[in-house]
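1. Structure of the sequence below:
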Amino acid sequence: MGAAGSGRDRGEGGWQGRFEGIYAAHYRAIKAYALRRTADPEDAADVVAETFLIVWRRLDRVPEGTETLLWLYGVARNVLANQARGQRRRERLVARLRAHERPEDDRSDGYPAAGGVAAALDRLTSDDRELLLLTAVEGLTPAQVATVVGSPAVTVRVRLHRARARLARELARDGIEVKRGRSGGHEPVARPVGEGDEPW
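-> Just a heads-up that it's a prediction; the model follows:
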């Protein structure tokens, strides 16, 4: 019997039981992940549905334990990438139709900080933005991000450092600075330049 067949018979409750356990444990996290990266809740729902459809089809490949959510993030990331080109076209159209509104008005709800921080994130590349969101919003460590994006941890740390530096430059363009967090990490803080905090 093949791997998929043996997987369907494995464990208490079999294939369906394991799928339902994964769904119950991680649905909310994947939904939140998708909502933060899409302009429309219906698009986020499509991402979630496609992600768990892939889980069902590839259940024998889903790792156990703490690695499960990281694997799901990777799947959702790939689903989003497949949708990204059409989504960017839609967003550009909306931006042209709503040109009288500030850019941050359209996207602030999807990011961990509103206003100028969201606008600065929008000006980064999709790869930089994803690394920053995975760490700042999903709360993943660089090692966990490495699992999600399929890169070595040392590479992720370098890319994350550069992404933070580019975000700081974009924020500075808008008159916003960032300060070093108490834990030693870098945290974007929306505040006017010149109030005395240590720069990023």
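
2. Every contact and neighbour count from this point should use C-alpha atoms.
-> OK.

3. Could you tell me whether residue 38 really is in a strand?
-> No - counting by DSSP: H, G, I helix; E, B strand; the rest coil, residue 38 is not part of a strand but coil.

4. Quick check: phi and psi at it.
-> Backbone torsions of residue 38, given as degrees, to the nearest 10, read phi -130, psi 160.

5. burial count for the residue lying closest to it once chain neighbours are set aside?
-> Once flanking residues are discounted, residue 38 sits nearest to residue 44: 5.9 Å by Cα to Cα, 6 or more residues apart in numbering. The local packing of residue 44 (other Cα atoms under 10 Å) involves 21 other residues.

6. Report the contact partners of residue 44.
-> Residue 44 is in contact with 31, 34, 35, 37, 38, counting by Cα atoms under 8 Å, 6 or more residues apart in numbering.

7. Mind doing that once more with 6 Å?
-> The contact partners of residue 44, taken as Cα atoms under 6 Å, 6 or more residues apart in numbering, are 34, 35, 38.

8. Which of the residues you listed has the largest number of neighbours?
-> residue 34 (25 neighbours).

9. Disregarding residues adjacent in the polypeptide, which is nearest to that one?
-> Counting by Cα to Cα, 6+ apart, the residue nearest residue 34 is residue 44, at 4.9 Å.

10. Would you mind listing where the chain has pLDDT under the threshold?
-> 1-13, 85-115, 177-200 (pLDDT under 70).

11. Show me the domain layout of it.
-> The chain breaks down by automatic domain parsing into domains covering 1-100, 111-200.

12. Quick check: the gap between residue 163 and residue 126.
-> 11 Å (Cα to Cα, to the nearest Å).

13. ok, now residue 142?
-> 17 Å.

14. More neighbours: which of those two?
-> Each of residue 142 and residue 126 has its neighbours counted (other Cα under 10 Å); residue 142 has more, 21 against 13.

15. Quick one: the contacts of residue 44 as CSV, columns for distance to residue 56 too.
-> What follows is the contacts of residue 44, written out as CSV (distance: Cα to Cα, whole Å):
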residue, distance to residue 56
34, 18
35, 22
38, 23
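
16. For residue 148, state which of these is nearest.
-> residue 34 (14.3 Å; Cα to Cα).

17. List just the nearest of the contacts of residue 44 to residue 155.
-> residue 34 (24.6 Å).

18. Would you mind listing the buried residues in the helix or strand where that closest one lies?
-> Assigned by DSSP states H and E, residue 34 belongs to helix 14-35. Neighbour counts over helix 14-35 (16 or more other Cα atoms under 10 Å) mark 15, 18, 19, 22, 27, 30, 31, 33, 34, 35 as buried.

19. Noted, bye for now.
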